[in-house]
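*Asks:* Test case, fold it:
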Amino acid sequence: MLRFDFALKHVAGKSMGRADSLSRRVDWTEGVEKDNENQVMLKEEWLEVRAMEQLVEGPEEDIVKKIKETRDKDEEVIKTVEEMKKAGVKMLRNEEWQIEEELVLKEERVYVPKDEKLRLEIIRLHHDTPIAGHGGQWKTVELVTRNYWWSGVIKEVKRYVEGCDQCQRMKNRAEMPVGKLRPNQVPERPWQHISVDFITKLLVSKDYDSILVVCDRFLKMSHFVAMTEKTMAEELQDYSEIMCGSCMGCQRV
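*Replies:* Numbers count the residues shown, from 1 in each chain. Got it, this is the predicted structure:
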């Protein structure tokens, strides 16, 4: 649920109708005239997001230092910082961009400059460490985007998780188990088993743009028939039966 944006809305008890009447006693109605008034349970200042307070001690302190060092190398960050300096503000574009303790924030998350090694290190920290537990794509995205953001973060996390050697070796797959291979029977006579394939996207010649290839698995004999890509399954069956019947007749003779 953490990766979805949703709002909690209070529904008055009296709107529940008959179902609510079963849970209310007559002698409990005294002193509850203001029971359904909105009350602030969590104050806004308690939920104020501060980038440095979100980051834990340890490896992430080094990451913050690297972000500050590489900030001056990212053109998008430089442009944003210059606009904010000219305007003399710490927030820009309806609080979309902010500057806090020399860090550029994008929607209250630390913006990571265009440094592939740095971004890879952040993903590794939120995926490979024992506390992260080699989570899947969306779990890793949720952990990374709690504090960090950059364009294309979901694609990079997906690519990293799919290429994680330990995940590929140890984790069970969600797909149904693959059944046993069932090889084709060994043919005992010519044209008992055939393979059919199309060669398409050829130059048009006499209204034909494809070649039908029919191959006998016993003799490895092949027949090539000029056709079109619009050939229907019924026509294909007719061609195959005619050729197989004529060839088998020759073999029997």
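*Asks:* Could you break this structure into its assigned domains?
*Replies:* With domains defined by automatic domain parsing, the chain comprises 49-168, 194-252.
*Asks:* So, low pLDDT: which residues of the stretch 101-250 of the chain?
*Replies:* Scanning the stretch 101-250 of the chain with the threshold set as pLDDT under 70 gives 240, 242-250.
*Asks:* Now do the helices in it.
*Replies:* Secondary structure of the stretch 101-250 of the chain (DSSP state H, counting those that start in this stretch): helices at 116-125, 137-144, 153-162, 165-170, 233-252.
*Asks:* Tell me which of these sits most buried.
*Replies:* Burial of the helices of the stretch 101-250 of the chain is given as mean neighbour count (mean count of other CB atoms under 10 Å); helix 137-144 ranks first at a mean of 19. Yep, even glycine has a C-beta here, placed from its N, CA and C like the rest.
*Asks:* Now do that one: everything it contacts.
*Replies:* 2-3, 122-123, 126-127, 132, 135, 153-154, 157-158, 160-162 (CB atoms under 8 Å, 6 or more residues apart in numbering).
*Asks:* any idea of the angle that helix forms with helix 153-162?
*Replies:* Angle of helix 137-144 versus helix 153-162, following axes from the mean of the first three to the mean of the last three CA atoms, to 10 degrees, is 120 degrees.
*Asks:* coming back round to it: could the domains of the chain be laid out in TSV, adding distance to Val40?
*Replies:* Below are these laid out as TSV (distance: least, CB to CB, whole Å):
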stretch	distance to Val40
domain 49-168	18
domain 194-252	67
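*Asks:* Quick check: which of the ones you listed is buried the most?
*Replies:* The highest mean neighbour count among the domains of the chain belongs to domain 49-168 (a mean of 15), with neighbours defined as mean count of other CB under 10 Å.
*Asks:* Could you dump the helices of the stretch 101-250 of the chain into JSON lines with distance to Lys220 added?
*Replies:* Conversion of the helices of the stretch 101-250 of the chain to JSON lines gives the following (distance: least, CB to CB, whole Å):
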{"stretch": "helix 116-125", "distance to Lys220": "51"}
{"stretch": "helix 137-144", "distance to Lys220": "46"}
{"stretch": "helix 153-162", "distance to Lys220": "40"}
{"stretch": "helix 165-170", "distance to Lys220": "39"}
{"stretch": "helix 233-252", "distance to Lys220": "13"}
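*Asks:* Can you say which of those is nearest to Trp191?
*Replies:* Closest approach to Trp191 among the helices of the stretch 101-250 of the chain is made by helix 233-252 (4.7 Å; CB to CB).
*Asks:* Out of the helices of the stretch 101-250 of the chain, the one nearest Trp97 is which?
*Replies:* Of the helices of the stretch 101-250 of the chain, nearest to Trp97 by CB to CB is helix 153-162, at 16.6 Å.
*Asks:* Thanks a lot, catch you later.
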